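Engineer: Let me see the structure of the following:
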Amino acid sequence: MKAAPFLALAALTLGLALPGAAQQHTMLTGRVIDARTLRGIGGASVRSVRSPERTTTDSAGRWSLSVAGSVPTVLRVEHPRYVTRDVPVQGGTQSPIEVALEAVPRVLEAVVVTASRREQRLSDAVVETSLIDASELRRSGSPDLAQVLAEQSGLQLDGGTPAGAGVQLRGFDSRRVLVLLDGQPLVGRVDGNFDLSRLPVSMVERVEIVKGPQSTLYGSEALGGVINIITHRAASLGWSAGLMSGAGSQGRLEGGLDLRWRRGRVGVALDGGGRSIELAPGIAGDNETYARRGNGFAAVDWDATPNTRLSATALGVQEQQRYRTGQLYRFADNTQLAGRLTAAHRFASTNRITASLHGTTFDHLSRASTLGEPVSGSGERDRQTLILGEVLWNALFGSVAVDAGTQVRDERITADRVSGRHRQVSGVEPFVQASTALGAVTLVPGVRVSWSDRWGRFVAPRLATMWRPSDPVALRASVGRGFRAPDFKELYIDFVNSAAGYAVQGNENLKPEESTAYALSGEYAGPVFRGRVGAFFNTYGDFIEESEPDAAGTYTYRNLDRGTINGVELEAGFTRGSWSADAGVDILRTRDRSSGTPLLGRPRESLRTSLTGPGWPGLRATASFVYTGRTPIDRDSSGTEVLERGGWSRLDLRATQSLGRGLQWSLGVHNAFDRRMGTAWPGFTGRQFATSLEWRIGNGK
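Structural biologist: I've put the predicted structure just below:
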């Protein structure tokens, strides 16, 4: 025991005498961020794998750590919601050290891009966003998107002769709901409605629906919200291919094939197919009707450098439709084309700039005949074209994420009923949105300024916030303005019907429609149960409608209508093992202050429920029930009394059976009890059967 002090003194003396024998420390600093959202991750553990020292990141993801010994070393970064990562630190490494973590793959961690113009987890979206993923699209058994969307909370089928099948969103009709393809707008509206049945489900990876005005990020038409259709992309590794064929009642036939492939830095996705059915979109009956469509889609991407990706996409849809009104057959021949070139470059993991050029055209030929086939060389044609250039910048400054960009638009039309036949509208639209994390609260202000050489300027601000007191609970609130610019028909139509004694004349002095929306919602998303309650209130003004005819019988367009749209949405569901159930109720109240009556075509209540579960091995079955309540559909001659359509319900059943070796067979019935609504409904309501067989091969992921 007497030797212990001596030994300690000797060790200390030796440490002072020998260079490098004393314990050294190296101070390291850095930041931990989410690899997708680029936002700081608070509460992450950072430690050296060879020493006991550790630290925890602050709310902005910053950390500092004194490591025993000198570098090189290996830092281990851990967080319960992210994949653990080991980061080698070599001698001469400069601080701060930035570490990007990938989220642990979970259902609640689904990634969306529409709400903020960048990738983020669905649970982090500050504005109300819902997602229809690939599995739900396949379970629906629908060959087109219109019926799939009509089963979602807050959406209703819209449209009719001759516009096709569109959807309403929170009481705003189809012409006030913006449809995007991979984040870019599509032309192709007929009488203001975009026919979603034109687009096949086969090419779609997922659909993102953002509710409420989105003009701050997307400009015109986004008063009710945005529907973003996200197409398939190349496999991340390997390859896969699929074949599908289907048949059903009302002459339904469909078939398609697809390929996903990646090798090295190049990836390719191809999709093609055809569909035919003896029904016409938006037409209530099935008397001598048909719709025939062929479609093709291609996507190519190339990682030119580790931080630079170049990509291109192309879509083509060709369709022929026929329906009957009185003694005349009506025909519509439509060609939809869209293409996009994109270059994206990432700087230092926290900044990204994306430049893109997007083009879309729609060629519509409308004909009428007393015969079952159209007369060659007859009809009226219009061709719509949109060219859009965009630069988008996503950056992170501490706890603030900034998404900003500028769009330059050139939109043209060539139409027989347009004065002068050729018209053009150009504009430029800068926008910016900032997302700031203040502890459990996220605040997102944004604004867009739109200039047009035809209708002037519109400013669309928005302020949204989310409070997350715990991981499964979120409270959201927002207020914002939306707008819809007057279209070519409203500005420039020049049509005379001499036989009926009236004419329609456009109005070049129209200004944009506008709406101000307030929304509040709360949600709980636990591992078993989930629920959401939301309320919204909209005021709208300057809605464009036809005015009363003048003394010469000429109608024109005016900024006339104003009113309110408000409602409540309730949703609940559970998932346990292989079973899942969902239910939703929508209550809507509208008022047109010009007439003192409700807006037409908006149901007061709707209900949706579904139950999905397993049967025998390899079988999965789904039952869905949809009820649409009483709906005002017309006004009497005085304009003060409203005529209503009664409530309508349907039950849909679908079963999918895995047959092994990549084969899958499905059978479904739409409206199992054959409930009929008649001509008051914008589409065929009779019972429909469908079956399909799909074969997939490959090792792609």
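Engineer: check contacts around the residue nearest to Leu328 when sequence neighbours are not counted.
Structural biologist: Nearest residue to Leu328 in three dimensions, chain neighbours excluded: Ala368, at 4.9 Å (CB to CB, 6 or more residues apart in numbering). C-beta here means a position set from N, CA and C on the backbone, and glycine is covered the same way. Ala368 is in contact with 328-331, 378-379, counting by CB atoms under 8 Å, 6 or more residues apart in numbering.
Engineer: repeat for Arg85
Structural biologist: So Arg85 contacts 76-77, 99, 101 (CB under 8 Å, 6+ apart).
Engineer: Also Ala503?
Structural biologist: With CB under 8 Å, 6+ apart, Ala503 has these contacts: 495-497, 552-555.
Engineer: For Arg476, list the residues it contacts.
Structural biologist: 126-128, 464-466, 519-523.
Engineer: Buried among those residues? Need that as a selection in PyMOL.
Structural biologist: The buried residues among the contacts of Arg476 can be selected in PyMOL (16 or more other CB atoms under 10 Å) with this line:
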select buried, resi 126+127+128+464+465+466+519+521+523
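Engineer: Now do the buried residues in the strand or helix carrying Arg346.
Structural biologist: Per DSSP states H and E: Arg346 is located in strand 328-347. For strand 328-347, the neighbour count (16+ other CB under 10 Å) marks 329-334, 336-340, 342, 344, 346 as buried.
Engineer: Export those residues to JSON lines and append columns for distance to Ala672 and pLDDT.
Structural biologist: Output for those, formatted as JSON lines (distance: CB to CB, whole Å; pLDDT from 0 to 100):
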{"residue": "Tyr329", "distance to Ala672": "32", "pLDDT": "92"}
{"residue": "Arg330", "distance to Ala672": "31", "pLDDT": "92"}
{"residue": "Phe331", "distance to Ala672": "33", "pLDDT": "94"}
{"residue": "Ala332", "distance to Ala672": "31", "pLDDT": "93"}
{"residue": "Asp333", "distance to Ala672": "35", "pLDDT": "94"}
{"residue": "Asn334", "distance to Ala672": "32", "pLDDT": "95"}
{"residue": "Gln336", "distance to Ala672": "33", "pLDDT": "96"}
{"residue": "Leu337", "distance to Ala672": "38", "pLDDT": "97"}
{"residue": "Ala338", "distance to Ala672": "36", "pLDDT": "97"}
{"residue": "Gly339", "distance to Ala672": "41", "pLDDT": "96"}
{"residue": "Arg340", "distance to Ala672": "41", "pLDDT": "96"}
{"residue": "Thr342", "distance to Ala672": "44", "pLDDT": "97"}
{"residue": "Ala344", "distance to Ala672": "47", "pLDDT": "95"}
{"residue": "Arg346", "distance to Ala672": "51", "pLDDT": "90"}
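Engineer: okay if I get those as CSV plus distance to Arg675?
Structural biologist: Below are the buried residues of strand 328-347 laid out as CSV (distance: CB to CB, whole Å):
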residue, distance to Arg675
Tyr329, 28
Arg330, 27
Phe331, 30
Ala332, 28
Asp333, 33
Asn334, 30
Gln336, 32
Leu337, 38
Ala338, 37
Gly339, 42
Arg340, 42
Thr342, 46
Ala344, 49
Arg346, 53
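Engineer: all strands for the stretch 351-500 of the chain, in order.
Structural biologist: 351-369, 380-397, 400-415, 422-438, 441-452, 456-470, 473-484, 494-497 (DSSP state E, counting those that start in this stretch).
Engineer: How about the stretch 601-701 of the chain?
Structural biologist: 605-614, 619-628, 631-635, 642-645, 648-660, 663-670, 688-698.
Engineer: May I see these organised as JSON lines, with distance to Leu122 added?
Structural biologist: Putting the strands of the stretch 601-701 of the chain into JSON lines (distance: least, CB to CB, whole Å) gives the following:
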{"stretch": "strand 605-614", "distance to Leu122": "19"}
{"stretch": "strand 619-628", "distance to Leu122": "22"}
{"stretch": "strand 631-635", "distance to Leu122": "31"}
{"stretch": "strand 642-645", "distance to Leu122": "35"}
{"stretch": "strand 648-660", "distance to Leu122": "25"}
{"stretch": "strand 663-670", "distance to Leu122": "27"}
{"stretch": "strand 688-698", "distance to Leu122": "26"}
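Engineer: Can you lay out those strands as CSV showing mean pLDDT?
Structural biologist: Below are the strands of the stretch 601-701 of the chain laid out as CSV (pLDDT from 0 to 100):
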stretch, mean pLDDT
strand 605-614, 92
strand 619-628, 91
strand 631-635, 87
strand 642-645, 88
strand 648-660, 90
strand 663-670, 92
strand 688-698, 92
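Engineer: For my notes, please list those strands in a markdown table and give mean neighbour count and distance to Asp173 for each entry.
Structural biologist: Shown next, in a markdown table, are those (neighbours: other CB atoms under 10 Å; distance: least, CB to CB, whole Å):
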| stretch | mean neighbour count | distance to Asp173 |
| --- | --- | --- |
| strand 605-614 | 17 | 15 |
| strand 619-628 | 17 | 15 |
| strand 631-635 | 17 | 13 |
| strand 642-645 | 16 | 16 |
| strand 648-660 | 16 | 19 |
| strand 663-670 | 18 | 24 |
| strand 688-698 | 17 | 25 |
